[in-house]
Every structure is written in structure tokens, then in C-alpha cells.
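A.B. asks: just the structure for this:
(chains A and B)
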Amino acid sequence: EPEVTQTPSHQVTQMGQEVILRCVPISNHLYFYWYRQILGQKVEFLVSFYNNEISEKSEIFDDQFSVERPDGSNFTLKIRSTKLEDSAMYFCASSEAGLAGNLDEQYFGPGTRLTVT
Amino acid sequence: AQSVTQLDSQVPVFEEAPVELRCNYSSSVSVYLFWYVQYPNQGLQLLLKYLSGSTLVKGINGFEAEFNKSQTSFHLRKPSVHISDTAEYFCAVTRRDSSYKLIFGSGTRLLVRP
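C.D. replies: Numbering: from 1, shown residues only, chains lettered A, B, ... in the order given. Next up is the predicted model:
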């Protein structure tokens, strides 16, 4: 069964450093998402991406964050200068369709645990 | 804005007993409703969803949920749980008129004991 994969499973970085979290969505999917879950808190939406551009982003997704689909398979989340409060589990998801009029299931990856020290 | 409340952070239950995990939501617009499950060290997996039609929705692994518009609830139920149902369960909503952005509750840990 196709699945979303994420690398690395755990990333430790120092405050102020740049990190790139990688995701490989399911191959025929067109919509991509990043969510995060700070320990003990809710899963929060960060950004959605379609047709090589951001379709929606949350207040959390400020100028320190960026997303990219550098090739036909990867979808990345970059944090330019990490802060302690960026420590969280980051989930990537993909779906075949994404608009409310053509709803489809989001498939989630296993997550990357980011620890900022 | 939408919000989701899962009042129970943990629900312990004995194997083969019935279980109900509660979910209430708040929204000024129509929403779609979902339950996701997360097993240890895995991603979120869709259990079931309510889009329209019958308010009783059946999902995978014997779970079902009932949409109650007047009570703004979408409680998850299973008549007889198994040890393997031990996991974190998340209720989520998305607006019907926007991109498919999920808003999650805080999760309920279901702990099934032998």
C-alpha cells in the first residue's frame, strides 16, 4: 500500500540553525500539507501546497518557514533560524484532491521529531 | 473559527468492553468531521469521516461515529474493544467552503487492558 514517508525520524539542532524536513508524498497525489504537534498539545495546521504554490497557511507559518517541491517526489519544510519553541513533531500529509468540493482523504507520514537545543 | 474539544485525555477500558470517545466541535459554518487514529511511532490514519447523509458513519476496525448537529457532537464508539485498539484518537473538522485544512482536537488516549 502506498504511504507517505518522512526523513529524518528525529532531528536535533541548535537554536538559530536552519533545518530541512523532508517528505515523499504518495506519487499520484497533488495536495500537500504540513502539520505540527508540540508535545502535549494539539496537532496544528501549518501550510497547504498545490500546483507549486502555497494555497493556505496558518499564523504559525511566518517568514522563518518555507516549503518547496524541489523535484517530482520530495516536499520539504525549511525552518530558517530555529527557535526553542519550534521543537515539535512535524507531520507531512498528502491527498489526491484537496478542495472542499472534491474532498479526499489526507494520508499522513510518521512524522519527524524536531528537537531544538 | 472552528474548534474541537475532546474532553477525555485518557480512557482506560477492559478488553471486550464497549467504549465511547467524546468529541464536540464549534463552528459558525458547515464542516466535515473526521476521526483519526495514531498507533505508537506511526502517522495518523483515517478511521472514518462524515461528509453528508446518514448521521451514523461506520469506519475501519469496527468503529462507528454519530453526527449530532443539535449537540455539535461526533462521538466515536466501538461495541467491543481489543488490546490492539490501544492508541491515540483524534477528532478533526474542516470547513466545507475552504481548502482541506484539518483542525484537530487534543486527542484521547484509549488504553485497553486485558
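A.B. asks: kindly check the end-to-end length of stretch B:23-40 for me.
C.D. replies: 22 Å (Cα to Cα, to the nearest Å).
A.B. asks: and it with chain A, contact?
C.D. replies: Yes - residues of stretch B:23-40 are located near chain A by Cβ under 8 Å from any Cβ of the partner chain, namely B:32, B:36. C-beta: built from backbone N, CA, C; applies to glycine.
A.B. asks: list the buried residues in that stretch.
C.D. replies: B:23-25, B:27, B:31-38 (16 or more other Cβ atoms under 10 Å in any protein chain shown).
A.B. asks: tell me, how many residues neighbour the nearest residue to A:Arg69 once chain neighbours are set aside?
C.D. replies: Nearest residue to A:Arg69, sequence neighbours excluded (Cβ to Cβ, 6 or more residues apart in numbering or on different chains): A:Phe75, at 5.2 Å. Per other Cβ atoms under 10 Å in any protein chain shown, the neighbour tally for A:Phe75 reads 25.
A.B. asks: look up how far chain B lies from the nearest residue to A:Gln11 once chain neighbours are set aside.
C.D. replies: Spatial nearest neighbour of A:Gln11, excluding adjacent residues (Cβ to Cβ, 6+ apart): A:Leu114 at 5.1 Å. The gap separating A:Leu114 from chain B is 16 Å, by Cβ to the nearest Cβ, to the nearest Å.
A.B. asks: thought A:Leu114 was touching A:Ala88?
C.D. replies: Yes - between A:Leu114 and A:Ala88 there is a contact under Cβ atoms under 8 Å: 6.1 Å.
A.B. asks: all strands for chain A, in order.
C.D. replies: A:5-7, A:10-13, A:19-24, A:31-37, A:43-50, A:53-57, A:65-68, A:75-79, A:88-95, A:107-108, A:112-116 (DSSP state E).
A.B. asks: what is the neighbour count of residue 55?
C.D. replies: No chain in the question, so chain A it is. A:Ser55 has 18 nearby residues by other Cβ under 10 Å.
A.B. asks: sorry, should have said chain B
C.D. replies: B:Thr55 has 12 nearby residues by other Cβ under 10 Å.
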